[in-house]
Each structure stands twice: as C-alpha cells, then as structure tokens.
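Asker: Give the three-dimensional model of this entry:
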Amino acid sequence: MAGTKIQAPEGAVTVLDKGFVKLVDFMGGDMRAVESARVSFGSVSKGEERDRKLLEYLLEHGHFSPFEHSVFQFHVKCPIFVVRQWMRHRIASYNEISARYTEVHDEFYIPEEFRAQDTINRQGSVEGKLDDARLTEEYSAAIEASYSAYQALLKAGVAREMARGVLPVSQYTQFYWTVNARSLLNFLDLRMDKHAQLEIRRYAEAIAEIFRAKMPWTWAAHRRLNAK
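Answerer: Numbering: from 1, shown residues only. Presented below is the predicted three-dimensional model:
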C-alpha cells in the first residue's frame with residue numbers, strides 16, 4: 001500500500017522516492033535584473049562583461065531588489081513534513097492540494113535508510129548503524145495502518161476534512177510555488193546548507209540546477225561570493 005507511486009508530470013525532476021519538482025513558468029532572467037538596476041540611472045546594457053560584473057556587485061553589496069523582477073513558478077510534490085519547513089519562506093505564493101476537497105492517495109515517503117538523532121544538534125540527525133530492515137518494516141506498517149484507518153473512516157461516512165487527521169506527516173502533498181529570484185536565492189542558501197534536513201536539501205539541490213539554467217550569470221556570481 002505505502003509503495004504506490006503516481007507518475008510525475010513530463011519535464012519534472014524526480015526527488016526522493018515519489019516526489020518531484022517541475023518548473024511551470026518563468027519570467028525575467030539575468031538581463032531583467034541588469035535592466036532593472038540600470039534603469040535607476042536611465043541607462044541600458046553595457047555588454048556582457050560589464051553586465052555580469054554589475055550582477056556580482058549588486059549581490060555583494062546587498063542591492064537585491066533588481067532580482068525581484070525575475071520570477072519562478074514551480075509545481076512541487078513532497079512529504080508534508082518537508083512542506084512545513086518550506087512554507088517558513090514566506091516571501092512567495094503557495095497553493096497546496098486540499099485533503100478537504102480530494103481523497104488522499106496512498107503515497108508516503110519511505111526513507112532508504114534511517115538516520116540517528118544528533119546528540120549535539122537537537123534538531124538534527126547523523127548517520128548511524130541502525131537496523132534499517134526492521135525499522136522500515138515498522139515504519140511501513142504504521143503508515144499502512146493509518147491509511148487503512150483513513151479509508152475505513154471515509155467508508156463510514158466521515159468527512160474528508162476529519163478523516164485526514166489519522167494520516168502521518170510522511171504523506172506526499174503537492175503545491176504550486178511562485179517566488180522571485182531574490183527570495184529563491186535565500187531559500188537555496190538556507191536549504192542547501194549542511195545543517196538543513198537532508199530531505200529538503202534534495203529539493204533545494206534540484207531547484208538550484210533549474211535556477212542555474214535560467215539565470216546562469218546570477219548563479220555563478222552568487223556561488224563565487226559564497227565561496228569567499
């Protein structure tokens with residue numbers, strides 16, 4: 001039951017066991033940031049070399065507003081516990097599938113291996129030699145029991161908005177995320193950091209590749225500055 005996987009849409013990048021990220025729409029780009037900055041002086045592009053230097057200058061000195069004129073829209077599928085971290089990034093727009101309106105599919109995140117609790121960082125985890133086979137069996141059994149209870153409640157006539165209460169945060173959900181390049185860089189800085197939870201790091205890494213493809217000058221400058 002917990003192993004069901006619904007096909008990802010065409011063009012999506014797969015993440016984790018059943019998730020994905022897909023770029024739905026994009027507006028702007030490196031030159032939009034350049035033009036938005038140069039309009040302050042009634043100026044235009046000065047050629048690639050100088051435009052690229054301008055982008056790096058803007059990032060280095062905290063002049064971020066020109067990057068707000070480039071906008072990404074993503075379709076994301078990920079576990080609910082990942083979404084709860086994701087939506088802490090509030091300078092963006094979200095629309096998530098509602099389990100009040102639609103019946104939940106039996107799609108749940110099953111980790112490849114279990115990490116141990118970090119004894120130093122109370123919110124973190126570390127690699128540990130755990131009995132993954134036994135733990136996966138227990139984990140999957142709990143998920144299957146919760147989904148069976150959900151189905152039984154629905155069959156008994158319980159409203160979807162109440163029946164969903166028995167489902168775990170490993171349940172996959174989907175949402176649309178619209179975010180400007182400035183906010184997206186902040187998201188990537190925080191969620192690609194080694195201290196971020198591994199599962200959301202995997203999504204951030206997939207999105208970073210999309211950002212790099214759409215705004216290569218900005219991404220290259222951002223990475224150079226972060227490496228200093």
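Asker: Show the residue spans covered by the strands in this structure.
Answerer: 13-15, 19-27, 71-79, 93-96, 116-117, 125-126, 172-180 (DSSP state E).
Asker: mind checking how far the one residue sitting closest to the centre of the chain is from D132?
Answerer: By CA atoms, centre = their mean, the chain has its centre lying nearest to Y203, at 4.6 Å. From Y203 over to D132 the distance is 23 Å, taken as CB to CB, to the nearest Å. Glycine gets a C-beta too; all of them are placed from N, C-alpha and C.
Asker: cool, R160 as well?
Answerer: Distance from R160 to D132, by CB to CB: 34 Å.
Asker: Over to I6?
Answerer: When I6 is compared with D132 (using CB to CB), they lie 25 Å apart.
Asker: In the helix ranked longest in the chain, which residues are buried?
Answerer: In the chain, taking DSSP state H as the definition, the longest helix is helix 132-155. Residues of helix 132-155 classed as buried: 139, 143, 146-147, 150-151, 153-154 (neighbour count, 16 or more other CB atoms under 10 Å).
Asker: Run a quick check on S65 versus V39, I expect a contact.
Answerer: No: using CB atoms under 8 Å, S65 is not in contact with V39, being 11.3 Å away.
Asker: Just want to know which of the two has more residues nearby.
Answerer: S65 (14 against 11; other CB atoms under 10 Å).
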